[in-house]
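*Asks:* Output the structure for:
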Amino acid sequence: CGSCAREPEHGLSARGVEFVARMEELGIYVDVSHISDAGFWDVLRRAKRPVTASHSNSREPGLCPHRRNLTDDMFCAIRDTGGVVGINLYADFVGGDSMEQLIAHIERFLSMDGEKTVALGGDLDGCEALAAGFSGVKDVAKLYQALEKLPEKEKAAIALFYFEDRSIKEISAILDMPQGTVKYQLSMGRQHLKQHIQL
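*Replies:* Numbering: from 1, shown residues only. Predicted coordinates for the structure are as follows:
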C-alpha cells in the first residue's frame, strides 16, 4: 500500500486488500490517516464497517492543503461509514499555530454534518510543534474554552470531550451512533481527560 509520504500514487497492494478484509472480519476499524489518496479510496470501496482517520485535518483551500489531510469528499466518505475523523494538533497539518486556525478545521468538518464524526485526534507524541499553545493533553481545556464561544451549531463539538459517567449504550443512543464507533472514539482518549484537566 502507498503511504501519503512515500508512494502517494499507489493504492492497496494485494496484501493490503487481504489485511483490510481480515480487519473487517475481526471488527477492527481501518485507520487511513497515513494512507495515499489512491489507497484511501481502495479502502472506502471495500469497507463494510466504519473507517477512521485518527489524526487528520482538512486539506481544503484556505485551511491546510497538506497530503496528510482530507479533502471534503474524503471526510464525507468517512462520515457516511459512521466513522471518526480526529483533529490533528500538529502545527504543520493545521496550517499555522493559532487557535483560530485549529478551530477552522473543526468548523469545516461540522459544516458538512460532521457533528457525529469529528473527534480529538492529537498526534501528541510524534511531532515537534503543536498548534494553539498546546504542549500536551493538559492543554485540551483551552480548546474547550474556545469552542464554547462559537455559534450554537458548532457547540456540538463540545460533546467530543466527555460524557461523565454515561454508559456506551447511553452515549450510543444520545448520538444515534453505533456502539462500536462510540467505543472507538472513547479509546482515542476522551475517557482519560478528567484525569488530566479541569473543565
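*Asks:* gap between the residue lying closest to residue 113 once chain neighbours are set aside and residue 21?
*Replies:* In space, and not counting its chain neighbours, residue 113 is closest to residue 79: 6.9 Å by CB to CB, 6 or more residues apart in numbering. Yep, even glycine has a C-beta here, placed from its N, CA and C like the rest. Going from residue 79 to residue 21 by CB to CB, to the nearest Å gives 23 Å.
*Asks:* neighbour-wise, which of these two wins?
*Replies:* residue 79 (21 against 12; other CB atoms under 10 Å).
*Asks:* so who does the more buried one touch?
*Replies:* By CB atoms under 8 Å, 6 or more residues apart in numbering, the contact set of residue 79 is 85, 112, 113, 114, 116, 117.
*Asks:* Which ones among those lie within helices?
*Replies:* Counting by DSSP state H, those place none of their members in helices.
*Asks:* Can you tell me which of those are buried?
*Replies:* Buried subset of those (neighbour count, 16 or more other CB atoms under 10 Å): 85, 114, 116, 117.
*Asks:* With pLDDT added, can I get the residues you listed in JSON lines?
*Replies:* Output for these, formatted as JSON lines (pLDDT from 0 to 100):
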{"residue": "85", "pLDDT": "94"}
{"residue": "114", "pLDDT": "87"}
{"residue": "116", "pLDDT": "82"}
{"residue": "117", "pLDDT": "89"}
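*Asks:* What about these, which are in strands?
*Replies:* The strands, defined by DSSP state E, take in residue 85 from those.
*Asks:* helix/strand/coil for residue 138?
*Replies:* helix (DSSP: H, G, I helix; E, B strand; the rest coil).
*Asks:* Just give me the neighbour total for it.
*Replies:* Using other CB under 10 Å, residue 138 is surrounded by 12 other residues.
*Asks:* separation between it and residue 66?
*Replies:* 26 Å.
*Asks:* How about residue 46?
*Replies:* Residue 46 sits 25 Å away from residue 66, going by CB to CB.
*Asks:* Now the residue positioned nearest the centre of the chain: closest residue in space that isn't a chain neighbour?
*Replies:* Most central in the chain under CA atoms, centre = their mean is residue 86, positioned 1.6 Å from the mean C-alpha point. Spatial nearest neighbour of residue 86, excluding adjacent residues (CB to CB, 6+ apart): residue 121 at 2.2 Å.
*Asks:* Report the buried residues of whichever strand or helix holds the one you found.
*Replies:* Take DSSP states H and E as the rule and residue 121 turns out to sit in strand 118-122. Buried residues in strand 118-122, defined by neighbour count with 16+ other CB under 10 Å: 118, 119, 120, 121, 122.
*Asks:* where do the helices sit along this protein?
*Replies:* Counting by DSSP H, the chain has helices at residues 14-26, 37-46, 72-80, 91-94, 99-110, 140-147, 168-175, 179-187, 193-196.
*Asks:* most tightly surrounded among these?
*Replies:* helix 91-94 (a mean of 22; mean count of other CB atoms under 10 Å).
*Asks:* what does that helix rub up against?
*Replies:* 56-57, 64, 66, 68-69, 88, 97, 101-102, 105, 123, 127, 129-132.
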